[in-house]
Structure formats: structure tokens, C-alpha cells
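Q: I'll drop the sequence and a predicted model, then ask my questions.
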Amino acid sequence: MNPEIADKTISVIAEFKEMEKDKISVDTKLDSLEMDSLDALNLVFELEEAFDITIPDEQAFETKTVGEMVEGIETLLEMKDKETESGSEEE
Amino acid sequence: MSSRRVVVTGIGVVSALGNDVNRFSENLFSGKSAIAPIESIDVSSIRFKKAAEVRDFEAAELFEKQELAIIKPFSQFAVTAAREAIASSGIEWKDEASRQRTAIITATGAGGLTDLDQQYEDLYRHNKKRTPPMIVPQSMANSAASFISMETGVCGPTYTVSTACSSSNHAIGLAFHSIRSGMVDAAITGGSETPISFSNLKAWEALRVVSGDTCRPFSKDRSGMVLGEGGAMLVLEEMEAAARRGAPILAEIAGFGMTADAHHITQPSVEGPVRAMKNALEDASLETASIGYVNAHGTATNANDSMESEAINQVFGEHAPNVAVSSTKSMHGHTLGAAGAIEAVATVLALKTGVLPPNANYSEADPDCNVDVIANEAREVQVEAAVSNSFAFGGLNAVLVFKSLN
């Protein structure tokens, strides 16, 4: 797990939930953060903005822990890098 | 309670299923879904690609050039549907008194909001220094009501209701009560919506409730709603006056119930819709056993369809298995502020023809949706009365009851 991405993800969640950052770790279960469906939707949006990624609908609410969320974001960032590379080749 | 009764004497529709009642009816009862890839705008950067768009609507043939400069599509759909409804009812306003005793109550969720996209792009991106002069009256929500009034000369109570996806049911219900109470003797009522614009589709994408597949209400594999555009209008008249002039009586509008969930801005509750249906049945003085069909709100979101099924079971109890249910949104899409009006047309047609419209795209029963879904094929059943549900974001519920007079 990329520590920078994990740290940034935790920062986004902490700010969103108005919590101390050290109360959240990669092992934190999302259920324990007491978010309703609108909170979840808004958090997904905040993460998309922070990382400049698009989280597909089918993945948006699948993750159970902060660590799973970080792994998902890592995958999407890798895909984005590949797309950018192939995009520049086409140009 | 008032002894005045109210009947539907005319209907008109512009929808992806057809731009008049005949074509709409043919496609509705054949279970043909009009959901298709979006053609009117570029959706390459939007995650979902389908909607139920109005096709082959020739505005230039329906409106004068001067009119076209001041009337946006959401109003064009409403005016066109109103013209058809008025023509089919044969209603005429021969004197000032009758014009004053007719109401026009229209509905729209967003009015001309989506028409403003182009203006914003011009101002913010292209640094244009001015906008076309009629943007304000073109995009106001009551534009359609005002055009219908100017065209017909009808000058009684005229206004527009906006309660998101319940808008049209609220408008039709208020028109019905205005006639029953004696405030007016007739009404033109319904709604219209044009939600297909880039920024609006982006907004719906962000809500994550739109299906990338298609609209499958009550089906276990449902994956969300599909947007639609269109409009529909009804002519309502006091029953005795309608009978005296020999009007074509399509159905009675017998009950209206409305409630608020007071719960959550997007998540529906069971309790609010249950009370709205019960209020509508009580308003209609009908027992649950009289209802043979529910035209469901049925958006095909996970939350709505299980909630609505539970609500139907709570309202109808032991009679619930005898109530056939379909969401015609599976064919004409979710037209938001126009939904209740288009579905009122479908419900009136069902009562008039003795055929219940199907719930298209249904593939698998869901134990969480324990209702008798009219799966994919229309059902020939003459029911006595029918319920049409609309439930809106913000927890606002509006339910109509229609009764057959066959």
C-alpha cells in the first residue's frame, strides 16, 4: 500500500468527518465512521476531487475498510497514468 | 363532502414513446421501451449513455417562427400536449365566464434550467457580452402555463407547481380539487420536462442513481433509473357539465392524497407513501378492494422499488396480491416533473381500454419487491379503479386515484 496515498485518503476522510486524523487508520472500518448514504456519496466525491480520478458506480460503495479504499484509489490512479501515457502517444 | 365529481375528457402527450396519444398508446401496450442511446448531446464523457429522448418532434411545424424564438422545448412539449388534450376533449370556451372558470395548472421540476446551459457556456467560456433577450421569460417554470393561457384565452387560476418528481401529480391533484370544490369548472393540467443537457446529466451522474444498462423496475437485477423527456396534459371537467355537452369521458379522477416524509432529502420512507396512498383512497371514498392496478413510481433504484413494494403491501394488506403493478418508466423513462402527467395518461388509457400496461425490461423476481408485477406483456383486465404514485426527492409524495366509467 502506497503510504502517501494512504495518508492523503485518511486526511480527506478526517477533514470530511471533522475528526482527528490519528483516529483513522487503514484498518478503520467504514461502518464505524457512522456515515449515511449521502455522506458516503459526498465522501466519494471528495476523494474523486482530491485524487482527480473517477470512481465507477459499481466500486463506489463496495469498500469495507479505509485500506480497501486506498487500494481502490491506487488502482484507479495507475489506470489514469496509463491512459495519460497512451493519450500522449496518440497525440 | 362536495357532490361534484371530476372527469378526464381529454389527454395529450409528447414522449419518447410517441408524440401523440395514438402512437404513445400503441407502444405503451406493446411493451416497447423507448430507452436508447442519447443522440441530442455528446455523452462521451458521461458514465451513462442512455435516456428516453423525444424523437421526430418537429417544432418548426408546430410553432410560428416568432413563437419559436420565445418558447423553449419544455414549454413546446406542454403546449403541444395541451393542444391535443383540448382537441380530443372537444372543449370550447364560448364566453368570458367559461374562460374565467377554467384553471391551468402545469408542472415542471426544473423548468428551463437545462436551457440555460448554452447561455452559461457562452458567457463563461466564450466571453460573450450579452444573452438573448428572452432568456428570463423562456426559462421561467410557468412559461408553459402562460403560453397555454395566451393560446386558449383561458384566464382563470393559472400557475405552476414544482415538487421535483411529484410535480405533475401535485398539479393534477390541485386541478381536480379546484373543480370539485367549485372554484372552477374545468382545468388544463399536466407537466413537462427536458432534462437532457450536459450539466444536468453530469449532476445526475454524480448522484449515482442512473443505470448504465436500462430501466428495470422491480426486477432483481435493476440498476437504477433512466432519464426521459416529454410532457403530457389532461383536460378535467366537472362531470355533469361534461355529460351535458356530450364530452368524451375517459375516466373519473376520484382521489388525491399528498404527504411529506419529513425524513431525508433523497432516501424514501415507507410511511410517507403509505399515508399518501391511504389519503388518496379516502379522498376517493374507495375501499382497497376497488383498486386493481397501481401505476407505480417505480424508478428502478434499489431504494424506491423495495420501499414502494412494502408501502403497497401495507396499504392493500390481504388485497395486495390482487393489485397488478407496473412502472411505465421502463418504457418512457423517468421524466421527473412530467412523470405524473405521462403516467396519468397511461393510467387513463388502461381504464378506458381495459388493458394494463406492462413493466418492460423485467427479468427476475426480487423477494424485496413482493408485488404482482405486470412483467413485459400487457394484461387484458378491466379494473374498476387505479392508483398512480409519484414520490419526489425531498420526501414529497402525491398519489392520484382514477376510476373507470366504462
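A: Cool, the structure landed. Residues are numbered from 1 along each chain as shown, chains lettered A, B, ... in the order given.

Q: for chain A, which helix is longest?
A: helix A:66-90 (DSSP state H).

Q: now do that one: everything it contacts.
A: Residues outside helix A:66-90 that contact it (Cβ atoms under 8 Å, 6 or more residues apart in numbering or on different chains) are A:1-2, A:5-6, A:9-10, A:13, A:24-28, A:30, A:47, A:51-55, A:59, A:62-63. In short, each C-beta sits where N, CA and C put it, glycine included.

Q: hmm, try it at 7 Å
A: Residues outside helix A:66-90 that contact it (Cβ atoms under 7 Å, 6 or more residues apart in numbering or on different chains): A:1-2, A:5-6, A:9-10, A:13, A:24-28, A:30, A:47, A:51, A:53, A:55, A:59, A:63.

Q: what comes up buried for that helix?
A: Buried residues in helix A:66-90, counted by 16 or more other Cβ atoms under 10 Å in any protein chain shown: A:66-67, A:69-74, A:76.

Q: picking up where we left off before, among the contacts of helix A:66-90, name the buried ones.
A: Judged by 16+ other Cβ under 10 Å, buried ones among the contacts of helix A:66-90: A:5-6, A:9-10, A:13, A:24, A:26, A:28, A:30, A:47, A:51, A:53, A:55, A:63.

Q: just the pLDDT for residue 61.
A: Using chain A here. Looking at A:Phe61, its pLDDT is 87.

Q: chain B was what I was after
A: Here, the pLDDT recorded for B:Glu61 equals 97.

Q: would you say it is within a strand?
A: No: counting by DSSP: H, G, I helix; E, B strand; the rest coil, one finds B:Glu61 to be helix, located in no strand.

Q: neighbours around it, how many?
A: The tally of other residues near B:Glu61 (other Cβ atoms under 10 Å in any protein chain shown) stands at 6.

Q: what residues does chain B put near chain A?
A: B:47, B:206, B:208, B:266-267 (Cβ under 7 Å from any Cβ of the partner chain).

Q: most neighbours, which of these?
A: B:Arg208 (20 neighbours).

Q: please name the nearest non-neighbouring residue to that one.
A: Closest residue to B:Arg208 apart from its sequence neighbours, by Cβ to Cβ, 6 or more residues apart in numbering or on different chains: A:Asp57 at 5.0 Å.

Q: from A:Val44, how far out is the residue of chain B found nearest chain A?
A: Here chain B gets closest to chain A at one residue, B:Arg208, 5.0 Å apart by Cβ to the nearest Cβ. Relative to A:Val44, B:Arg208 is positioned 8 Å away (Cβ to Cβ, to the nearest Å).

Q: shared neighbours of the two, anything?
A: Counting by Cβ under 7 Å, 6+ apart, the contacts common to B:Arg208 and A:Val44 are A:Ala60.

Q: what stretches of chain B score poorly on pLDDT?
A: Low-confidence segments of chain B, defined by pLDDT under 70, span residues B:1-2.

Q: domain parsing for it?
A: Using automatic domain parsing, the domain ranges for chain B come out as B:6-244, B:255-403.

Q: right, so those domains: which one is the most enclosed?
A: Stretch with highest mean neighbour count among the domains of chain B: domain B:255-403 (a mean of 23; mean count of other Cβ atoms under 10 Å in any protein chain shown).

Q: ends of that one, what's the gap?
A: One end of domain B:255-403 to the other measures 9 Å (Cα to Cα, to the nearest Å).

Q: hey, where'd the helices end up in chain A?
A: Counting by DSSP H, one finds helices in chain A at the ranges A:3-17, A:37-51, A:57-60, A:66-90.

Q: make CSV out of those helices and add distance to B:Val399.
A: As requested, these are arranged in CSV below (distance: least, Cβ to Cβ, whole Å):
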stretch, distance to B:Val399
helix A:3-17, 38
helix A:37-51, 25
helix A:57-60, 30
helix A:66-90, 41
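
Q: how about the ones you listed, which one is nearest B:Gly109?
A: Relative to B:Gly109, the nearest member of those by Cβ to Cβ is helix A:37-51, separated by 19.5 Å.

Q: buried sites along that closest one?
A: Within helix A:37-51, the residues scored as buried using 16+ other Cβ under 10 Å are A:40-41, A:43-44, A:47-48, A:51.

Q: which strands and helices lie in contact with it?
A: Judged by 3 or more Cβ pairs under 7 Å, 6 or more residues apart in numbering or on different chains; DSSP states H and E, helix A:37-51 is in contact with helix A:3-17, helix A:66-90.

Q: contacts only, for B:Ile86.
A: B:10, B:152, B:188, B:235.

Q: need the max-distance pair from those.
A: The distance between the two most remote of the contacts of B:Ile86 (Cβ to Cβ) is 12.2 Å, for B:Gly10 and B:Thr152.

Q: residue ranges in chain A under the pLDDT threshold?
A: A:87-91.

Q: separation between the closest residue to chain B within it and B:Gly333?
A: Of all residues in chain A, A:Asp57 sits closest to chain B, at 5.0 Å by Cβ to the nearest Cβ. Look at A:Asp57 and B:Gly333: by Cβ to Cβ, they are 18 Å apart.

Q: again with B:Ala206
A: Using Cβ to Cβ, B:Ala206 is found at 19 Å from B:Gly333.

Q: over to B:Ser309?
A: B:Ser309 sits 21 Å away from B:Gly333, going by Cβ to Cβ.

Q: same question for B:Lys94.
A: Distance of B:Lys94 to B:Gly333, given as Cβ to Cβ: 39 Å.
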